[in-house]
Every structure is written in structure tokens, then in C-alpha cells.
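> just coords:
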């Protein structure tokens, strides 16, 4: 055993003995094919006996086992670094991080924390809530009271956010990530969904994340970053940028909910170019294709009615978006999504990166047939990707 690893185990034992251990996470599997993705540890009080609950998060299931403090050292020695290369110990006054490189070199980082932390010894057998309204950021964002109760005028909004959290968990949970998950929330706005995303991925799925909320309005960016700093949230930051101008170096997951008109295409293009494993969009406004159809003047018994023309433009726009995602190797899914801004535009477009080689000629044929049928000269997403599909 290395000296660095022994120091980490000693610190764990010391914090457990002094009732200072708040929680601990083991992540970054040494073998990317290991179906045990991470382990979450917290102290619990069961029948007046202090134990430590180990929650093992597998690809398709979770297991919880309770151990005495004296057993932890042996368990951790078996897992570090054989199964996990990262471990973070959170105590009442400091964070201790163990990092093991691919070559087996271990380093230890210690950081004092300013916030007041306390142990939570509750042994809750009920299903953990996806979003906890008692968390301080929900009050600071204006959704709850200081006591953590959702305000009357925000009840509907919070239900929408909760539905979003359910969808995010179902999409991300089966995925395998090696280390930190890099995420961009394009057009993040007031931050409601960005904070929900962070809470689900870190508190629920116990992932190490680097989430960027991309927002063009400087006042919102400043306000949200102040909240993030005040609450000591790690792996979350808002950046001032348009969707079109934001080009992340590394991206695993791209979220773009209700980015207006072609801003959705800019977001999708950014995800494709960065090779994102997961792209989730709830498109809003479809003016570009509707205007193309109007210019072409190819109206039939349905599209000569304005309201039906609008709906047809929506379906064509999002169908071509889905086909272009498939062209670049994504498996696509279109589902209904609760309207986040009180709008009937509640379609959620999901693209998951696959290793399957797409039949590009067949996809191109489908795209071109749609365009020819409705007199569409171009789809903005084609132009953004710099490719000719005709």
C-alpha cells in the first residue's frame, strides 16, 4: 500500500472515530467495463448503533450495505485503487480527495471548507426525492420560502422542474462515464433546470460533474454565479455567451430546452461537433422552415390553413433534426415533454451516441424527399454543420 493511500485511510478512520465524517464517494472505475459505477458512503444510526451505509450504484440497480467503522478500512483497501481511482472524503470541516493516475501514482488534496456541515444520521428507507426544495438554492432562485416550502405561485413551475429531473435521471443513469461528466446547458436562463440537473446528477446519481450554464444575459450570469458561490456548489458555473458562440473543448452531455428557432440547431450542432454522448433538446419556435414553406407556396388541403401550416413546420423541422442526428451516429427518440413555458410545444428530442455505423445514403434520401415535398431549400442545421445534404 502506498503512503498516500494510507494517509487517506487514516483520515477516514479518524473522521469516523470523531463523528466528523459527513459522506464519502468513490468514483472513476479503474475498469471502464465494471458495472459498479460509484459508491456513496454516509453515517447512519440504526437501533442506537452508529454504522456506515455503503450505497453501491450499478448500471441497473443499487445495493445498500451497512458496516461498522472498523470494517471500513478493509473495504476501502479492496476498492482503492483496484476498482476506483477517485475518492472524496467530506468531513465537517474539510474535503480530502484521493486521486490515482492511470500509472498508479496517488496524490492527496485537502481543502478546508467554510460552510457549516453537520452529519445526517437518518436511515431513510423511503425513495430519495429527486429534488429537495429545502436546499438553499431554491429559495435563492425564488421558488421556495426560507423554510423550504414551495411558494403558491411557483407550485406549477416546481412540478415542471421535477418532471424534467425525472427525465434527466432516466436518460443519464444507464450511461457510463469515465471520470468527470462535462455538461453544457444551452440557454440556461434563470437557472431552474440547470440547478435541477446538478442536484440530480450529484446528489442522486453521485456523479462528478462539470456543468456550464450558457446564458447570454450578463445580469443573470452574475446573479446565478453568486448563488453558486454562496452555496459552495462544485462543478457548476454559468458562462456569458450566446449558444452559437459557445464551443466547449470537451462535452459529454448537451441540454437545450426551449432555445428559440435556430438556436436549437446551434446547440445541436455544438453537441455533434464536440462528440457529445447525449443530446437533449426541447425545441421552441420553428420559424425558419415555416418561412421556407411559405416562400415555396406548396400548400395542400392541410397546410393552406395557417395553424396547420405551423404544426406541419414543427414536425418537419424536428424530423429533419432527428435524421441529421442519426446521420452523425446518434440513436434518436422523440417523446412528449411537459410544457416548461406554458406552451403546447412539448416535444423532447433525444440523441444518444452509438457505435453503429449509420446508413447515410438512406438518411440523406429521407431528408431530401422531405425537403422536395414541401419546397424547402435548406434546413439551418445543415448549414450550421457546414454540410451539403442535397
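Received the coordinates, thanks. The model shown is predicted, which means the values in this text are computed figures rather than measured ones. Numbers count the residues shown, from 1 in each chain.
> helix, strand, or coil at the residue lying closest to residue 298 once chain neighbours are set aside?
Using CB to CB, 6 or more residues apart in numbering and skipping the chain neighbours, the partner closest in space to residue 298 is residue 375 (4.3 Å). C-beta coordinates here come from the backbone N, C-alpha and C atoms, glycine included. The three-state label given to residue 375 by DSSP: H, G, I helix; E, B strand; the rest coil is coil.
> contacting residues for residue 375?
By CB atoms under 8 Å, 6 or more residues apart in numbering, residue 375 lies in contact with 292, 293, 295, 296, 297, 298.
> domain-wise, how is this protein divided?
Following automatic domain parsing, the chain resolves into domains at 3-112, 136-384.
> and among the ones you listed, the most buried is which?
Among the domains of the chain, judged by mean count of other CB atoms under 10 Å, the one packed with the most neighbours on average is domain 136-384 (a mean of 18).
> packing partners of whichever helix or strand residue 160 is part of?
Assigned by DSSP states H and E, residue 160 falls within helix 155-172. Applying 3 or more CB pairs under 8 Å, 6 or more residues apart in numbering; DSSP states H and E, one finds that helix 155-172 makes contact with helix 192-199, strand 278-284.
> okay if I get these as a markdown table plus distance to residue 136 and mean pLDDT?
Shown next, in a markdown table, are these (distance: least, CB to CB, whole Å; pLDDT from 0 to 100):
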| stretch | distance to residue 136 | mean pLDDT |
| --- | --- | --- |
| helix 192-199 | 11 | 94 |
| strand 278-284 | 27 | 88 |
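> and those as TSV, adding distance to residue 28?
Formatted as TSV, the helices and strands packed on helix 155-172 follow (distance: least, CB to CB, whole Å):
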stretch	distance to residue 28
helix 192-199	19
strand 278-284	19
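> residue 175 is nearest to which of these?
Nearest of the helices and strands packed on helix 155-172 to residue 175, taken as CB to CB: strand 278-284 at 6.6 Å.
> quick one: contacts of the following helix or strand past that closest one?
The element immediately downstream of strand 278-284 (helix or strand, assigned by DSSP H and E) is helix 287-296. The contact list for helix 287-296, computed with CB under 8 Å, 6+ apart, reads 261-262, 303, 309-310, 312-313, 316-317, 320, 374-380.
> before we move on, what about stretch 133-140?
131, 143-150, 158, 195, 199, 227-228, 230-231, 233.
> out of these, which sit inside helices?
Secondary structure from DSSP state H places 158, 195, 199, 227, 228, 230, 231 of the contacts of stretch 133-140 in helices.
> if I look at the closest residue to the second one other than its chain neighbours, how far off is residue 229?
Nearest in space to residue 195, with sequence neighbours left out and distances taken as CB to CB, 6+ apart, is residue 137 at 5.4 Å. Look at residue 137 and residue 229: by CB to CB, to the nearest Å, they are 11 Å apart.
> same deal with residue 53?
Taken as CB to CB, the span from residue 53 to residue 229 is 31 Å.
> kindly report the same for residue 159.
29 Å.
> with residue 317 instead?
According to CB to CB, residue 317 stands 39 Å off from residue 229.
> what's the answer for residue 244, then?
Relative to residue 229, and taking CB to CB, residue 244 is found at 28 Å.
> how about residue 352: what's its closest non-neighbour residue?
According to CB to CB, 6+ apart, the nearest residue to residue 352 is residue 331 (4.9 Å).
> now residue 180
Closest to residue 180 by CB to CB, 6+ apart is residue 208, at 4.7 Å.
> check residue 111 too.
Nearest to residue 111 is residue 95, by CB to CB, 6+ apart, at 4.7 Å.
> contacts only, for that neighbour.
Counting by CB under 8 Å, 6+ apart, residue 95 has contacts 88, 89, 109, 110, 111, 113.
> isn't the last one right next to residue 22, touching?
No. Under the criterion of CB atoms under 8 Å, residue 113 lies out of contact with residue 22, with a separation of 9.7 Å.
> before we move on, back to that, my read is the residue nearest to residue 352 is in a strand, agree?
Yes. With three-state DSSP as the criterion, residue 331 is located in a strand.
> quick check: it touching residue 358?
No. Assessed by CB under 8 Å, residue 331 is found out of contact with residue 358, at 9.5 Å.
> lowest-confidence helix or strand of the protein?
The weakest-scoring helix or strand in the chain, judged by mean pLDDT, DSSP states H and E, is helix 287-296 (a mean of 77).
> quick one: the closest residue to residue 373 other than its chain neighbours from residue 210, how far?
Nearest residue to residue 373 in three dimensions, chain neighbours excluded: residue 298, at 7.8 Å (CB to CB, 6+ apart). Computed as CB to CB, the residue 298 to residue 210 distance reads 46 Å.
> same check, this time on residue 96
Distance, residue 96 to residue 210, by CB to CB: 20 Å.
> one more: residue 135?
20 Å.
> hang on, the earlier thing: sec struct for the residue nearest to residue 195, please.
helix.
> where does the stretch 51-200 of the chain have low pLDDT?
Applying pLDDT under 70 to the stretch 51-200 of the chain flags residues 60, 115-128.
> which residues in it form strands?
62-67, 84-91, 94-100, 106-112, 181-186 (DSSP state E, counting those that start in this stretch).
> what's the answer for the stretch 251-390 of the chain, then?
253-260, 278-284, 330-336, 347-353.
> tilt between the first one and strand 278-284?
Put plainly, it is strand 253-260. 10 degrees (axes from the mean of the first three to the mean of the last three CA atoms, to 10 degrees).
> hmm, residue 55 is touching residue 36, no?
No. Using CB under 8 Å, residue 55 makes no contact with residue 36, being 11.1 Å away.
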